[in-house]
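Asks: Could you look at this predicted model? Sequence included:
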Amino acid sequence: MNIFLAFIILISETRNPKFNKWFKNYLKPVAIITVFSSGDVKLLHIFDSNYGGFKIFSAPFSSLALKLIFWGGFLNTIVEDLPQLIIQILFATYYPNSYDITAFFTLITSILVLLVSIIECSYHLFINNKNQNQVEIKPEYNEIDTIEVGK
């Protein structure tokens, strides 16, 4: 599901000329991250993170693509992470004699992954809801402008 969604998002974004130019410049890293996003489609956010100011991390995703990445990640949490946690809890409950330290740490990790995903989704929904209710205030001046004194 994740790799399919990542592929669909990237292919549909190539209709945007700015994204298409960016995509052509970074084809190999995009292909690698597309494969890695088979675990979680939210990995595509690495390309719009602006990390270190590098151009590879400044992909001009559309708002639709960002929404698809978010909802794909949410769906991944519901369809993949939650059932995995339920299976691990059932295993710990019904087979306590064969439950070892590795299974325990896997259970703890799954709980943390699910908790982080839920908190992340909550923050995202809260921020988007808050931003939709506010009016954008534009500054009266450009911060890049300089003041020349004593010409």
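Replies: That came in fine, so what should we check first? Numbering: from 1, shown residues only.

Asks: next one: the longest helix seen in the chain to chain centre, how far?
Replies: Longest helix of the chain, by residue count under DSSP state H: helix 101-132. Offset of helix 101-132 from its chain centre (CA atoms, centre = their mean, to the nearest Å): 12 Å.

Asks: now stretch 5-21
Replies: Counting by CA atoms, centre = their mean, stretch 5-21 comes out at 16 Å from the chain centroid.

Asks: Same question for stretch 48-60.
Replies: The mean C-alpha position of stretch 48-60 is separated from the chain mean by 14 Å, CA atoms, centre = their mean.

Asks: that older thread, in the longest helix of the chain, what's buried?
Replies: The neighbour-count check on helix 101-132 (16 or more other CB atoms under 10 Å) flags 106-107, 110, 113, 117, 121 as buried. C-beta: built from backbone N, CA, C; applies to glycine.

Asks: other SSEs contacting it?
Replies: Under the contact definition 3 or more CB pairs under 8 Å, 6 or more residues apart in numbering; DSSP states H and E, helix 101-132 sits against helix 63-76, helix 82-94.
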